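Engineer: this is a predicted model, with the sequence first.
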Amino acid sequence: MTITAECSRAECKIISFGRGDVAEYEYTITSQNLAIPFGRDKFISDLGITIYQELKFINHINEKINKANGMLGVIKRHFKYITPETLILLYKSMVRTHIEYGHSVWCPYSVTAIVS
């Protein structure tokens, strides 16, 4: 099995968490006398949750809010005459799922995150 630089950078990323300055070491994988460095990111997305190096989720929250608002727009555009029961059903299935996914991980605790 040969390892290429594109493969290792696409599949493996390094992110460091901590307060203040975090020591950023270089990590490489060596195969057949070829050292391929891993890429370093400020954020990583895993299972639909974006985690930033500073452990702040404000950008992730804004992405989820924008996606939920987009789903509300889809409902508004495609359903001209809608009963309240149908609206509740569509809201619970199309909008609320985006907002509630992974909420225990990124649960907004600051006032700015709750208001936005």
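Structural biologist: Cool, got the structure.
Engineer: check contacts around the residue nearest to Phe43 when sequence neighbours are not counted.
Structural biologist: Excluding the flanking residues, the one nearest Phe43 by Cβ to Cβ, 6 or more residues apart in numbering is Tyr52, at 4.5 Å. Where C-beta positions appear, they are placed from N, C-alpha and C, glycine not excepted. By Cβ atoms under 8 Å, 6 or more residues apart in numbering, the residues touching Tyr52 are Lys42, Phe43, Asn59, His60.
Engineer: reformat those residues as TSV; add distance to Thr86 and secondary structure.
Structural biologist: Compiled in TSV, the contacts of Tyr52 are given as follows (distance: Cβ to Cβ, whole Å; DSSP: H, G, I helix; E, B strand; the rest coil):
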residue	distance to Thr86	secondary structure
Lys42	43	coil
Phe43	38	strand
Asn59	33	helix
His60	30	helix
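Engineer: so how far is Asn62 from the most centrally placed residue in the chain?
Structural biologist: Nearest to the mean C-alpha position of the chain, counting by Cα atoms, centre = their mean, stands Thr50 at 2.6 Å. To Asn62, Thr50 is 10 Å away according to Cβ to Cβ, to the nearest Å.
Engineer: tell me the confidence at the spatially most distant residue from the centre of the chain?
Structural biologist: Farthest-out residue of the chain from its mean C-alpha position, per Cα atoms, centre = their mean: Asn33, at 35.8 Å. Asn33 is assigned 78 on the pLDDT scale.
Engineer: just Thr2 next, same as before
Structural biologist: Looking at Thr2, its pLDDT reads 39.
Engineer: outline the domain layout of this structure.
Structural biologist: Annotated domains of the chain cover 5-41, 51-115 [automatic domain parsing].
Engineer: which of those domains is buried the deepest?
Structural biologist: domain 51-115 (a mean of 13; mean count of other Cβ atoms under 10 Å).
Engineer: mean pLDDT for the domains of the chain: which is lowest?
Structural biologist: Comparing mean pLDDT over the domains of the chain, the weakest stretch is domain 5-41, at a mean of 69.
Engineer: quick one, strands of this structure?
Structural biologist: In the chain, the strands defined using DSSP state E lie at 13-14, 28-31, 34-37, 39-40, 43-46, 49-52.
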